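In: Give me the fold of what follows.
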Amino acid sequence: LSAPIACIANLRTFLRSFITPTSLLRSSTYSMTPQISRSMCTVNNIGVVGAFMSLVSSISAATANNPWDKYMLSPDSTRKIVPVSWTISSGAEKLVVDTSPTLPIRLSGKGSAILFDFGKEVGGFTILDFPSAGPDNSQSVSIAYSESTYYINTSDHSNGGKGPDGTISTGPIAAKGVSAYTPSVAHMRGGFRYMRLALETDGFADVALPHVHFTAAPNMPDPSAWKNHFYSSDDLLNRIWYGCGYTTQLCSIDPTHGRQWPPPASGWNNDVSCGEGNTILVDGAKRDRMVWPGDMGVSVVTALVTTGDADASANALKTLYKYQDPSGMLPYVGPPIAAEHSPGQNGNSDTYHMWALIGTCHLGQHYGAGNTTWLATYWPGFQRGVNASVGQISATNGLMDITHKADWARGGQGGFNIAGNCLLHEVLRCGAQLAGIMGDASTASAYTTQAAHLNVAINTQLWDPTKGAFLDNPTAKIHPQDGNSLAVWFNVTSDDRKKSISAQLQSNWNAYGSQSPEWNMDIGTFPGSMEVHAHMAGGAVQRAHDLMRLQWGYMLNHTESTQSTFWEGYHKDGTFAYQGIYMSNAHGWATGPAAALTGTTLGITPAVDDVTTARGVAMATNASVGYVVHPHPADLTFCSGTRTFMGLHGQTVRVHAAWDATVSTRFLLTVNTTALSAPGTDDGTTPVVHGTVVVPFHGARFNPRTARLAVGGVVMWSAARGMHAATSALGLEGTDIHCDVTDRRCTVSNIAHGHYEFTVSSA
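Out: Here you go, the predicted model:
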């Protein structure tokens, strides 16, 4: 008996120090060497690998060998990425003569070529090495780039003009010694997986191992040092989460590396300014390399929950507000296109204008009351933007009339459109929260009232009871994916209607993903991201997981693409859309699953209302940084991860959650908060981190009537007796515990900064 008892004690020590569920320890990917035998550590017939013993002695060693490290796609601080394989061909016949030969390899004769595969999407400057070339100085090599195997000979298309980008040439290679070639900034390639070098002359050139200097995320000293992580029992969902983060990172670029517009007559040019700052969030890695506010509706939050980078998003918004019209309208797209228009000519998209306002909300909530200086800069412009949209509400029916019709690739935009009205509803809701952060009670009240009136109009006039979904507009025949998804995601309708919409959206799925009725039933990854969030928000977490595996799994496993990043959109038969050759294979608007997995599956979200209340009411009594942890396991058996927030007074706070649902009559949840920095307060008080934790009664055999809640191993509540002890007995002064057998959960609120273990179990 002593060995199991010792094991349990050691396990508790481990959980307190590293906060990782026992399921994680059982993972075969864990690299630590056990120091005790498996047979000595068995609890309820569940084997627990003894790797935790070595972790207890060295937390730093554990963090260097995390099981989720294998999913990281970003390069380290060297920013150097080398190919994983290469293939050579000879002559005009392109006959493959060798695969992954030893380098350097000689290209001999015009047309002989070598294709380098970097194994994933990369972006930046390619550095080529030619140890020798001859017989004279006239030898030259052409370079072609492609995100897909389909276009490896001529490059794919990024310039926005007609036809492929074509190749670039090294020019003459030195006859003796080492000759390195790096393209100019104009010909830096922002997104590609394949690079093909072909000899343009009749002599020879020896090719050594090339590499890419990664230029994305220029503000991050180490691109792989993400502030957050995600790890679960589902390998594919883990890959999807990291692929989303990497896609968005590739879309965070040096603002001087934007795409030329109008496009050049030939080739491509990526040395044009596309905005402000030292990093900026754009739509795609290969193209358009401009700020598109619609894309930011997804990619801003993706960046916050994965890499933790807020700077690129902040600079994108700074750029958009720079081009705000006097009317209050924000531009459909940033520079260089926005720079072509005079004031009053940028506001040709109501929906993208509102997405920019929602992006402001996302960052304003992230910074919270800890950085009101940032929000105060844009607060007047934000209010002008809201007024511009509210001014388009019809006095007749109470709905916003979408008169500026530019949007994503969808058709039929305009009129009393459901997506546009849901966007305005969200702008008003989140705008009220920003007003609270700014201490503007009258504006908060006005926005809340306007949102309530709009809600009634939407649900009264756009709902189709025969389909159980919203119409695109009052006279339309289609039930769009974007508008219906937004109605659920943004909490515009009732719980019953949310369930109906979720089921109706699933009816559009085919073998490749969720089809968009407003896009000729092709598969849009922008509205698809909205749909993932909708299923999560509507309580259909299993359906959201299934859609991620179907649609994002298809993109991630497609052998002709990057197998690392997510696409702009594709046809209903699974083939590339946007002419194929022009399609972006790394597009920020396709990254919705990351925030859904962190915020709902893992369950960490900011408690914006708590921060707003703290700023407006309790400032004199130690204002707070709020968070919520509310896991939704669905079909997963374990999950762990982090989310980093900017707290009140600029304090950076990391919330780490880990849960284990392996046993069908028990749910184990561990929560830990870490204050990463506390630069001081503006009122002499000490910031307090507090949160709310919801522990679900989860499991196929879980019986709520015999449920009990333990905190730190001490039973605090049971269905049979109610509360067993006051929270003060555990030193949890002011903490409230409320368990509900009907709702199948326990809610523990007002938890102070620290480490906590929660277990709900049933007999």
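In: three-state assignment of Ala432?
Out: helix (DSSP: H, G, I helix; E, B strand; the rest coil).
In: Wait, it touches Thr449, no?
Out: No - assessed by CB atoms under 8 Å, Ala432 is found out of contact with Thr449, at 9.3 Å. All C-beta spots, glycine's among them, are computed from the backbone N, C-alpha and C.
In: Which of the two has more residues huddled nearby?
Out: Using other CB atoms under 10 Å as the criterion, Ala432 and Thr449 rank with Ala432 on top: 22 against 12.
In: Span of stretch 274-290 from start to end?
Out: 6 Å (CA to CA, to the nearest Å).
In: tell me the average confidence for it?
Out: Averaging pLDDT along stretch 274-290 yields 98.
In: to the chain's geometric centre, what's the distance from the helix or strand hosting Ser142?
Out: Ser142 belongs to strand 141-146 when assigned by DSSP states H and E. Centre-to-centre, strand 141-146 and its host chain are 31 Å apart (CA atoms, centre = their mean, to the nearest Å).
In: Also stretch 129-144?
Out: 42 Å.
In: Provide the contact partners of it at residue level.
Out: With contacts defined as CB atoms under 8 Å, 6 or more residues apart in numbering, stretch 129-144 is touched by 104, 107, 126, 128, 152-155, 166-181, 183, 195-201, 203-210.
In: Between its first and last residues, what's the separation in it?
Out: End-to-end for stretch 129-144, by CA to CA: 16 Å.
In: now the stretch 651-763 of the chain, which segments are flagged as low pLDDT?
Out: 651, 677-689 (pLDDT under 70).
In: let's see it at 90
Out: Applying pLDDT under 90 to the stretch 651-763 of the chain flags the ranges 651-653, 674-691, 700, 724-735, 750-754, 763.
In: could you pull out the strands for it?
Out: Using DSSP state E, counting those that start in this stretch, the strands of the stretch 651-763 of the chain run over 652-660, 666-677, 688-696, 708-711, 714-718, 722-723, 736-740, 745-752, 755-761.
In: The most centrally placed residue in the chain in helix, strand or coil?
Out: In the chain, the C-alpha nearest the mean C-alpha coordinate belongs to Thr302, at 2.2 Å (CA atoms, centre = their mean). Look at Thr302: counting by three-state DSSP, its state is helix.
In: how close does it sit to Thr565?
Out: 12 Å (CB to CB, to the nearest Å).
In: anything in contact with each of the two?
Out: Joint contacts of Thr302 and Thr565 (CB under 8 Å, 6+ apart) are Thr247.
In: hmm, back to that, and the contacts of stretch 129-144, which of them are in strands?
Out: Of the positions in the contacts of stretch 129-144, 107, 126, 128, 168-169, 179-181, 195-199, 204-207 sit in strands, assigned by DSSP state E.
In: filter those residues to the buried ones?
Out: Taking 16 or more other CB atoms under 10 Å as the criterion, what is buried in the ones in strands among the contacts of stretch 129-144 is 107, 126, 128, 168, 179, 181, 195-199, 204-207.
In: Need the worst-confidence member of those residues.
Out: Minimum pLDDT across these falls on Ser179, with 72.
In: so who does it touch?
Out: 129-130, 133, 173 are the contacts of Ser179 under CB under 8 Å, 6+ apart.
In: which one of those is nearest Gln461?
Out: Nearest to Gln461 among the contacts of Ser179 is Asp129, at 65.5 Å by CB to CB.
In: Report the beta-bridge partners for the closest one.
Out: Ala180 (DSSP bridges).
In: Touching, the residue nearest to the centre of the chain and Leu250? I think so.
Out: No - Thr302 is beyond contact range of Leu250, at 11.6 Å (criterion: CB under 8 Å).
In: what about the strands in the stretch 501-650 of the chain?
Out: 523-524, 569-570, 604-606, 624-629, 638-646.
In: check contacts around Phe667.
Out: 631, 633, 659-661, 695-699, 702, 759-761.
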